[in-house]
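Asks: coordinates only, sequence not included:
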Ligand code: PEP
Ligand code: CO
């Protein structure tokens with residue numbers, strides 16, 4: 001047995017001795033063992049040097065030299081693992097990052113919620129419809145959304161299907177990027193069909209032109225093409241929820257200390273599984289990847305500090321990102337004391353804001369939605385609270401899609417509650433559609449540039 005390098009009894013499976021929540025119950029233990037054994041023999045999806053590169057970039061973001069843009073589906077679906085949908089996600093993240101580079105005047109780290117975001121925490125273990133109670137849907141890697149016993153029974157083969165689709169997704173993303181898709185000289189490659197019709201088209205086009213001019217200016221000065229600096233990279237992230245799956249990908253690599261989760265660059269701990277003495281914290285504390293943790297609900301300052309100590313005992317920059325998700329109404333009372341306590345305790349963290357999960361509401365029809373204005377409101381508040389707390393907002397975390405869905409209401413294109421029925425596709429949480437995501441980036445960019453950001457971009 002190799003040691004963890006942590007000087008204690010951590011191992012990839014030591015979490016199994018701790019209380020664990022949000023794990024599916026598989027009826028067939030043999031089938032589960034067989035699937036996990038096959039999974040652990042498959043080649044990794046990412047490499048340790050990519051992971052270390054992300055960690056260095058996050059350390060720079062902690063110093064205020066970069067900005068983290070993390071986004072993608074609440075829950076990826078196997079059905080959407082197809083070229084158009086992946087390319088559209090890449091395009092919107094590239095467009096948003098370009099806009100943020102303009103406003104923030106710093107490089108942007110692009111971190112997709114993709115290539116593995118297939119397992120979801122749920123508020124209840126079961127769902128009842130018309131007197132029938134079945135296991136709740138927990139994401140495509142665990143069971144199927146259709147309401148039948150066969151579909152809802154957790155199926156270990158889906159772990160392999162999820163891993164394979166993650167590999168297909170990452171392979172396509174890498175190929176697009178290597179082929180020049182993400183080259184800043186050619187932002188026209190990222191144009192989505194409906195960008196021309198958008199009320200935001202003019203503002204976006206102006207930004208693209210100005211970046212093109214700056215690139216040409218720099219190249220004139222340096223007498224060549226900018227090579228690496230004009231080519232952007234992408235990292236992957238998912239919620240590290242299903243611990244047997246994460247464990248199967250946790251490996252040693254040659255020439256480096258410790259254990260890496262090679263299924264993703266950055267796994268994060270969800271708000272529902274952050275119990276200090278729980279299994280998730282135990283698993284995460286031992287891996288070398290940069291990690292993030294969602295902080296919401298009633299998390300106290302003491303808990304936040306204890307989490308920093310447990311997850312980042314050497315207080316290393318780039319290791320830990322705190323993603324706050326309190327909701328627009330609660331952030332002003334809950335976040336400031338935590339920011340203050342973390343600062344006074346000298347904990348090195350990157351602050352990011354998820355303005356989505358504290359602002360989810362259910363309409364009387366039962367449909368879940370989020371309002372553009374409330375999402376923006378929480379972001380703006382986070383920005384100011386962190387600034388007043390002597391630090392800075394170093395990143396944002398969105399649920400979004402490059403497709404033309406209608407799941408969140410509001411924004412310049414005016415999606416109303418009545419529109420939600422038209423193109424509501426999410427199985428779990430409502431996502432910003434392409435236009436709403438781009439508008440959010442434009443407004444955030446204005447905020448970062450120190451300009452007034454309130455109100456719609458169309459004014
Ligand atoms: C999510 O990111 O989809 C999620 C479930 O978030 P949280 O853990 O913040 O509730
Ligand atoms: Co979600």
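Replies: Great, that's in hand. These numbers were taken from a predicted model, which means no experiment stands behind them. Numbers count the residues shown, from 1 in each chain. Ligands and ions are numbered 1, 2, ... in the order given.
Asks: Quick check on the nearest residue to residue 126 once chain neighbours are set aside: phi, psi?
Replies: With sequence-adjacent residues excluded and distances taken as CB to CB, 6 or more residues apart in numbering, residue 126 is closest to residue 133, at 5.0 Å. (Glycine included, C-beta is placed from N, CA and C.) Dihedral pair for residue 133: phi -110, psi 130, per degrees, to the nearest 10.
Asks: So residue 133 sits against residue 127, correct?
Replies: Yes: with contact defined as CB atoms under 8 Å, residue 133 reaches residue 127; the gap is 7.2 Å.
Asks: can you list residues touching both of the two?
Replies: Shared contacts of residue 133 and residue 127, defined by CB atoms under 8 Å, 6 or more residues apart in numbering, are absent.
Asks: So between these two, which is more surrounded?
Replies: When residue 133 and residue 127 are compared for neighbours, residue 127 comes out ahead with 14 against 11, by other CB atoms under 10 Å.
Asks: is the more buried one in a bridge, and if so with what?
Replies: With DSSP bridges as the criterion, residue 127 is bridged to residue 134.
Asks: give the contact list for it.
Replies: Residue 127 touches 133-137, 147, 152, counting by CB under 8 Å, 6+ apart.
Asks: Let's see the PyMOL selection covering just the buried ones among those residues.
Replies: Those of the contacts of residue 127 that count as buried under 16 or more other CB atoms under 10 Å are selected in PyMOL with:
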select buried, resi 134+135+136+137+152
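Asks: Dump the contacts of residue 127 into TSV; add pLDDT as well.
Replies: Formatted as TSV, the contacts of residue 127 follow (pLDDT from 0 to 100):
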residue	pLDDT
133	98
134	98
135	97
136	97
137	97
147	97
152	98
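Asks: Mind pulling the model confidence for the residue in the stretch 351-459 of the chain that ligand 1 sits nearest to?
Replies: Proximity of the stretch 351-459 of the chain to ligand 1 (CB to the nearest ligand atom) peaks at residue 357, 4.1 Å away. At residue 357, the model reports a pLDDT of 97.
Asks: cool, residue 185 as well?
Replies: The model's pLDDT for residue 185 equals 70.
Asks: Isn't it up against residue 213?
Replies: No: applying CB under 8 Å, one finds residue 185 not in contact with residue 213, separated by 11.7 Å.
Asks: Mind checking which of those two has more residues around it?
Replies: Set residue 185 next to residue 213 and count neighbours by other CB under 10 Å: residue 185 wins out with 16 against 10.
Asks: Remind me which helix or strand that one belongs to.
Replies: Using DSSP states H and E, residue 185 sits in no helix or strand.
Asks: how about the residues of the stretch 251-400 of the chain that lie near ligand 2?
Replies: Within the stretch 251-400 of the chain, no position lies close to ligand 2 (CB under 5 Å from the ion).
Asks: Taking the stretch 251-400 of the chain, what residue is nearest to ligand 2?
Replies: Using CB to the ion, the closest approach of the stretch 251-400 of the chain to ligand 2 is made by residue 399 at 5.3 Å.
Asks: Which residues are in contact with that residue?
Replies: Counting by CB under 8 Å, 6+ apart, the residues that residue 399 touches are 71-74, 113, 356, 429-432.
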